[in-house]
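Chemist: for reference, the sequence and a predicted model appear below.
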Amino acid sequence: MAAKKKSARKASPKPARKSSPKPGKKSSPKLLVMKYRAKPPGNSVSKPRRAFGDPVALPKPHPNFVAIPSTNKQPKDLSYALASAVDPSVISGINATGQMVFFSVGDTGDINATGITRDLALQMEALYNSSPANNKPAWLYHLGDVVYYNGESIDYRDQFYDPYKFLNSLIFAVPGNHDGQTIVNKGDPPDPEPSLKGFFANFCDSKRQPSQSSPYRLTMDQPWPYWVLNTPLATIIGLYSNVDGSLDNSTDTNHPQFNWLISQLKAADKTKALLLTVHHCPFSLDSEHGGYGDILDAIDQAVAASGNRYPDLVLSGHVHNYQRFSRQIGNRTYPYIVAGNGGYASAKTMHKLQVNPTTKARITTPFATTQSGVTLQKYNEDLPGFLRLTVSSTTIKGEYFTNDMTGGDQTAPAFDTFSFDLTTKKVTG
């Protein structure tokens, strides 16, 4: 008699073991890739003009991205404490008064020998000297294009250190396209320096120390071309918009500065004001450049990825005039400012705004642009100028001062003033 076969038993599958990170090791955050706008055909022969009232230009078909040279070693921490650079009395004054004051301007580099950079520096000096002891502007935040044309080290003495030698304020900066570019025109000698060499030597030095270009002002030791300045009342995120107006190379799969921006928006202290600086402006109604869509998109996409942490104020240069936009997002209204008239452009080369193609009339403010919620509130296309910003725990106050270029004392009141309420997130003025 045949033996009975044992019934086969299916083994129950063992539950999969969840892998856990090893002690002391953190899993790397997922890197995001920025979404870029479609570029025009590569065989374009000219730049198309924007529609009247559009503050954002079309993407460039042939962007010129210049990588930060690998000889510069990026530190892990790109933050910088204001207290490490200023006298302790400055921090004491901020804590005592509950507010801090600083200047801001872009596009200086007075290569045209018109003296505008020097005149504005004298005007800042007069405001500094007339301010109360605990409310003097403690620093100048430069919005890029410090030295024309290619940011070469040899030009720092004449274009930067000499004009500002009497200004008793620190100078921080983000680079502009002229600080980073290495392009030479046909017939010019080759550029003797790699991209950003002058900026690194004078703003990202290993330590603050005397410069060969100046017997008065020390170099600055900012950590990197894009960096964050931590102050008692505000976090100021500075971006490097490279040569062509983008944070990262669009052809690369890694977007390090974009992801860094997201991390900084997430980490920014919510009890403080949040300012963002970048050379290329997100919005502009000038007839030459227009706003830079890559910068606008980078900010908006980073804000969305950070959990909707919007900058309370965006400061830019590049366009050689003054423009103040308000941008409505929900029931909030944020200021976006272009202040790129710090000395490079002469009266004839300042960037003019679009004119109505039908009536040939100049823009009158307030002017609703073609971008939803974006309104031009004030502008000056005729005179150079600079900003004085006052930040407290409740407001950001801005004042824009112009210079009539006569060389005389500039005692006129501010051309434009505005105030941003940090509680309601609304701008007035």
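Modeler: Perfect, thanks for sending it.
Chemist: how close does residue 358 sit to residue 369?
Modeler: According to CB to CB, to the nearest Å, residue 358 and residue 369 sit 17 Å apart. The way it works is simple: take the backbone N, C-alpha and C, and place the C-beta from them, glycine included.
Chemist: if you could redo that for residue 261, that was the one I meant.
Modeler: 24 Å.
Chemist: buried residues in stretch 115-134?
Modeler: 116-125, 127-128, 134 (16 or more other CB atoms under 10 Å).
Chemist: identify those among the residues you listed that sit within helices.
Modeler: 116-125, 127-128 (DSSP state H).
Chemist: next, count neighbours for residue 154.
Modeler: By the criterion of other CB atoms under 10 Å, residue 154 has 13 neighbours.
Chemist: torsion angles phi and psi at it?
Modeler: Backbone geometry at residue 154, expressed as degrees, to the nearest 10, gives phi -60, psi -20.
Chemist: so which of residue 261 and residue 369 has more stuff around it?
Modeler: Using other CB under 10 Å, the more surrounded residue of residue 261 and residue 369 is residue 261, with 27 against 20.
Chemist: that one contacts residue 241, doesn't it?
Modeler: No: the pair residue 261 / residue 241 is not scored as a contact, 11.4 Å apart, by CB atoms under 8 Å.
Chemist: can you list the buried residues of stretch 115-134 in TSV and add pLDDT?
Modeler: As requested, these are exported to TSV (pLDDT from 0 to 100):
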residue	pLDDT
116	94
117	95
118	95
119	95
120	96
121	96
122	96
123	96
124	97
125	97
127	97
128	97
134	89
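Chemist: list the contacts of the residue nearest to the spatial centre of the chain.
Modeler: When CA atoms, centre = their mean is applied to the chain, the residue found nearest the centroid is residue 278 (1.6 Å). By CB atoms under 8 Å, 6 or more residues apart in numbering, residue 278 lies in contact with 143-144, 174, 238-241, 295, 299, 314-316.
Chemist: nearest to residue 325, of those?
Modeler: Of all the contacts of residue 278, residue 314 has the smallest distance to residue 325: 8.9 Å, by CB to CB.
Chemist: now the closest one: how far from residue 337?
Modeler: In terms of CB to CB, residue 314 sits 7 Å off from residue 337.
Chemist: about what we covered before: pick the one among the contacts of residue 278 closest to residue 68.
Modeler: Ranked by distance to residue 68 (CB to CB), these are led by residue 240 at 7.8 Å.
Chemist: quick one: the closest one from residue 66, how far?
Modeler: 11 Å.
Chemist: returning to that earlier point: any chance of the ones in helices among the buried residues of stretch 115-134 in JSON lines with distance to residue 424 as columns?
Modeler: Output for those, formatted as JSON lines (distance: CB to CB, whole Å):
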{"residue": "116", "distance to residue 424": "37"}
{"residue": "117", "distance to residue 424": "37"}
{"residue": "118", "distance to residue 424": "40"}
{"residue": "119", "distance to residue 424": "37"}
{"residue": "120", "distance to residue 424": "33"}
{"residue": "121", "distance to residue 424": "36"}
{"residue": "122", "distance to residue 424": "37"}
{"residue": "123", "distance to residue 424": "33"}
{"residue": "124", "distance to residue 424": "31"}
{"residue": "125", "distance to residue 424": "35"}
{"residue": "127", "distance to residue 424": "29"}
{"residue": "128", "distance to residue 424": "31"}
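Chemist: which one of these is nearest to residue 180?
Modeler: Using CB to CB, those come closest to residue 180 at residue 117, 19.8 Å.
Chemist: quick check: closest non-adjacent residue to that closest one.
Modeler: Spatially, and ignoring its direct neighbours in sequence, residue 117 is nearest to residue 343 (3.0 Å; CB to CB, 6 or more residues apart in numbering).
Chemist: related to what we said a few turns ago, closest to residue 93 out of the ones in helices among the buried residues of stretch 115-134?
Modeler: Each of these was checked against residue 93 using CB to CB; the closest is residue 128, at 13.3 Å.
Chemist: show me what contacts that closest one?
Modeler: 136-137, 167-169.
Chemist: and what of residue 325?
Modeler: 55, 283, 335-338, 369, 374-377.
Chemist: drop anything exposed from these.
Modeler: 55, 283, 335-338, 369, 374-377.
Chemist: for the helix or strand hosting residue 228, which strands pair with it and how are they oriented?
Modeler: Using DSSP states H and E, residue 228 sits within strand 227-230. When pairing is defined by DSSP bridges, strand 227-230 lines up against strand 79-81 (parallel), strand 234-238 (antiparallel).
Chemist: among the contacts of residue 278, which lie within strands?
Modeler: 238, 314-316 (DSSP state E).
Chemist: with the contacts of residue 128 in mind, which one is nearest to residue 303?
Modeler: Using CB to CB, residue 137 comes nearest to residue 303 of these, at 28.8 Å.
Chemist: touching, that closest one and residue 123? I think so.
Modeler: No: at 11.7 Å, residue 137 and residue 123 do not qualify as touching, with contact defined as CB under 8 Å.
Chemist: what's the burial count for the residue nearest to residue 145 when sequence neighbours are not counted?
Modeler: Leaving out its chain neighbours, the residue that sits closest to residue 145 by CB to CB, 6+ apart is residue 176, at 3.4 Å. Using other CB under 10 Å, residue 176 has 33 neighbouring residues.
Chemist: run through the residues that contact residue 176.
Modeler: For residue 176, the contact set (CB under 8 Å, 6+ apart) comprises 106-107, 143-146, 241, 279-280, 317-318.
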